[in-house]
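# any chance you can model this:
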Amino acid sequence: KIVNSCEEYFNVKQVYLCLKADNSVNPRYKWLPSYKQNRPPALPIISHLSKYLKQSKNAVCPTIGETDDLLAELVSIAKDKCIIVSFDKDIKQLGVGNWFLDYRKWEWSFVTKELADYLFNFQMIVNDASDNIKLTPKIGEAFAKKAIKEGMNPWEYFEGVYSAYLKAWKEPNLAFEKMKLAWKLLKLHTIEEFKQLN
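Numbers count the residues shown, from 1 in each chain. This next block holds a predicted model:
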């Protein structure tokens, strides 16, 4: 159904089904030991379905990081020539002029590089409670909407995001360390980017 819908608008030449790997190394658990600790365990059928899809549909899995990072790798190669199908809001940080299909809501959206940069920096300020990333205590969306605006240059984004961490932690060095940690955790990394991180 998803592919058929995409083919109504695009000439689809290749489809990649990206799934979680059973043995992928995810450095985020080392960077933040409490990463994703508050999530309930997956239903047993998820493992069964995943195994079936890997065997029958030639699904691809990450060797490092998460499935989202595998998408970052694919988008770094395909650029704006790919359609991204996911209901995960974090994926939109990959946009470089891409169409996204949210297959839960069945909604299309177009994400420019400018919008993707804004969405990522917005998340840097508000963090991601669903992944147990809470490095800006007491800072929320209202602050983020005042601190940054779509279309800012990298330095302006840096200043806006840093102002949130400084407000949360008061001490400049600590605020900067927390901000660097958030960047490592929240950014979707290609394999080469992972190699450069420690």
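# from now on I want contacts and neighbour counts done on CA atoms only, so please keep to that.
Noted.
# can you pull out the low-pLDDT segments for the protein?
Counting by pLDDT under 70, the chain shows low-confidence ranges at 198.
# how near is the residue sitting furthest away from the middle of it to residue 178?
Here the chain reaches farthest from its C-alpha mean at residue 171, the gap being 28.1 Å by Cα atoms, centre = their mean. Counting by Cα to Cα, to the nearest Å, the gap from residue 171 to residue 178 is 11 Å.
# with residue 62 instead?
Distance, residue 62 to residue 178, using Cα to Cα: 27 Å.
# ok, now residue 56?
Applying Cα to Cα, the value for residue 56 to residue 178 is 43 Å.
# let me see the contact set for the spatially most central residue of the chain.
Residue closest to the mean C-alpha point of the chain, counted by Cα atoms, centre = their mean, is residue 90 at 3.6 Å. Contacts of residue 90 were listed using Cα atoms under 8 Å, 6 or more residues apart in numbering, and they are residue 120.
# next one: phi and psi at it?
Phi and psi for residue 90, reported as degrees, to the nearest 10, are phi -60, psi -30.
# and what of residue 102?
Dihedral angles of residue 102 (phi, psi; degrees, to the nearest 10) stand at phi -90, psi 110.
# what's the burial count for it?
16 (other Cα atoms under 10 Å).
# would you agree it is in contact with residue 108?
Yes: using Cα atoms under 8 Å, residue 102 is in contact with residue 108, at 6.4 Å.
# point out the other helices and strands that the helix or strand harbouring residue 178 packs with.
If you go by DSSP states H and E, residue 178 is part of helix 172-186. Using 3 or more Cα pairs under 8 Å, 6 or more residues apart in numbering; DSSP states H and E as the contact test, the elements touching helix 172-186 are helix 28-31, helix 113-126, helix 154-169.
# quick check: angle from the last one to helix 113-126?
Using axes from the mean of the first three to the mean of the last three Cα atoms, to 10 degrees, the inter-axis angle of helix 154-169 relative to helix 113-126 is 10 degrees.
# may I see the buried residues of helix 154-169?
Neighbour counts using 16 or more other Cα atoms under 10 Å place 157, 160, 161, 162, 163, 164, 165, 166, 168, 169 of helix 154-169 among the buried residues.
# let's have the residues you listed in TSV, adding distance to residue 128.
Formatted as TSV, the buried residues of helix 154-169 follow (distance: Cα to Cα, whole Å):
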residue	distance to residue 128
157	18
160	18
161	15
162	17
163	18
164	15
165	15
166	18
168	15
169	18
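# so if I had to pick from residue 62 and residue 178, which one is more boxed in?
More neighbours surround residue 62 than the other of residue 62 and residue 178, with 22 against 19 (other Cα under 10 Å).
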